[in-house]
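1. take this sequence and fold it.
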Amino acid sequence: MGKMKLFDEIKKSRPADVITAAAFCAAIFALAILTFALPQKDFSENENRALATSGGVFGGMSAAKVFDGSFESEIADLYRDQFPARAQMLGIRAVSDRILLLGETGGVIYGKSGYMIPRPDGGTDAAEKNLAAVEAFRAAVEGDGKTIVFAAAPRPADALYPYYPAGYRGSELAAAREAVFPACSYATDLLEVLRPSVDAGDYVYYRTDHHWTTEGAYLASCEILRLLGKEPVDRSLLTVETASDYFLGTTHSKTLDPFATADRIEYYRFEGDEEYTTLIVDTGREFDGFYDRSFLETKDKYSSFFGGNNGRIRVTKKGAGEGEREVLLVVKDSYAHAVLPFLAYYYDLDVVDPRYYMSSVYRTSAEDGCSAVLILCGIDTVAGSPALARVSFGTGK
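-> As a prediction, the model looks like this:
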């Protein structure tokens, strides 16, 4: 009876409805086939990340993955990453959301003056563990007679409150900050350093990227150097070089909005800044100065600062004798990259990223002869990434 009723309903359907339904099903089926039939990319330059591929998903298939649901999740990632014309579809969605005045698309808030503000996920799961690890590391480093500074970089959502559209409140996005401040009394909140310049309309954060600009990094460096007992690098010693006037960053990559306002990449140069050597310890690659200009030819132009994310790099001044310059150990995420040139004015730098550096950070501080340690990470890294907890490894004497 059920089948007969279904056939009767189909017979009653208008031909146009049947054609529409059939065309829709055919389109879905064709897109599914094309996802596997078309050449697949394993890396997205737009998003600066690896993509799921058929080889990776099916090559790693196992009964355990099928039963625990992870294989299903990987298949979903595969369809998401390899969907035909995915970039164009994202751009169409962004334009549609703008036309509909939704104020947000793909987790990105459309702010005033062209600012695209990434909505934080609010993750705070790692905050307590990370802060406990930093405290243990701080006690060990200070026990060795070294200065240590722990500074947290604010996210665009924290700093760009004056650019929020109507209807958005900073308190809605504050969970990660509240997990760090005032919970950690010895952490330096760099938002207070940046706020006056943001309120004045200065170019402190990129419009299309989650990092601060070189101006924001300079302001942060002034406070950090004061805490380290050094004078900030005087602006009169700096010359601004526009390395690129067309930069679309990680926030833009979430939307691929064709109407985004491009940013510019600036270097704040000082005399003699090419008389340094940057060594990427992970690969053994060296280059003069602080900037890897090859990245200026890619979408990931922010990585022109010291070659992007690496587990460990060393920055030394050419011609300086052993022990002539102090060594600063910097434990960081990518917010630190634009800050490092100002620190190199006074220090040779040993820079480690706990997201990629698997050795004991404390042992590194004991072996590299550093006189001071700086921990400089974004709020999201402090609150939501378990990587920072690695600083406590090996802190026992």
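2. without its sequence neighbours, what residue ends up closest to Ala136?
-> Nearest residue to Ala136, sequence neighbours excluded (CB to CB, 6 or more residues apart in numbering): Ser392, at 4.5 Å. Glycine gets a C-beta too; all of them are placed from N, C-alpha and C.
3. read off the pLDDT value for the one you found.
-> Note on Ser392: pLDDT of 72.
4. what's the answer for Ser73, then?
-> 68.
5. where do the helices sit along the stretch 101-250 of the chain?
-> Along the stretch 101-250 of the chain, counting by DSSP state H, counting those that start in this stretch, helices occupy 127-143, 156-159, 175-180, 191-199, 214-227, 250-255.
6. on contacts alone, who are the packing partners of the fifth one?
-> Using 3 or more CB pairs under 8 Å, 6 or more residues apart in numbering; DSSP states H and E as the contact definition, the elements that helix 214-227 packs against are strand 147-153, strand 187-189, helix 191-199, strand 263-270, helix 340-344, strand 372-378.
7. out of the ones you listed, nearest to Thr277?
-> Closest to Thr277 of the helices and strands packed on helix 214-227, according to CB to CB: helix 340-344, at 10.6 Å.
8. give the buried residues for that closest one.
-> Neighbour counts using 16 or more other CB atoms under 10 Å place 340-344 of helix 340-344 among the buried residues.
9. and these as TSV, adding pLDDT and distance to Asn309?
-> Shown next, in TSV, are these (pLDDT from 0 to 100; distance: CB to CB, whole Å):
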residue	pLDDT	distance to Asn309
Leu340	98	13
Pro341	98	17
Phe342	98	20
Leu343	98	18
Ala344	98	18
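10. redo the residues you listed as TSV? Include distance to Lys299.
-> Listed next are the buried residues of helix 340-344 as TSV, based on distance: CB to CB, whole Å:
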residue	distance to Lys299
Leu340	22
Pro341	22
Phe342	26
Leu343	27
Ala344	26
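11. which one of those residues is nearest to Ala262?
-> Pro341 (23.2 Å).
12. the nearest residue to the closest one once chain neighbours are set aside and Lys230: what is the separation?
-> Closest residue to Pro341 apart from its sequence neighbours, by CB to CB, 6+ apart: Phe290 at 4.7 Å. Distance, Phe290 to Lys230, by CB to CB, to the nearest Å: 18 Å.
13. more neighbours, those two?
-> The neighbour count for Phe290 versus Lys230, taken as other CB atoms under 10 Å, is higher for Phe290 (23 against 19).
14. for that one, give me the pLDDT.
-> Model confidence at Phe290, given as pLDDT, is 98.
15. for the helices and strands packed on helix 214-227, which one sits closest to Gly114?
-> strand 263-270 (9.3 Å).
16. for the next helix or strand after the closest one, give me every contacting residue.
-> Heading C-terminal from strand 263-270, the first helix or strand you meet, by DSSP states H and E, is strand 276-280. Contact with strand 276-280 is made by 285-290, 292, 306-307, 310, 312-318, 344, as judged by CB atoms under 8 Å, 6 or more residues apart in numbering.
17. again, but for stretch 135-151
-> Outside stretch 135-151, the residues that reach it (CB under 8 Å, 6+ apart) are 134, 184, 186-188, 190, 220, 223-224, 227-229, 361-362, 365-366, 370-376, 391-392, 395, 397.
18. with stretch 229-237 instead?
-> Applying CB under 8 Å, 6+ apart, the external contacts of stretch 229-237 come out as 147, 218, 221-222, 225-226, 270-271, 342, 345-346.
19. those: which two are farthest apart?
-> Across the contacts of stretch 229-237, no pair lies farther apart than Thr147 and Glu271, at 27.2 Å, counting by CB to CB.
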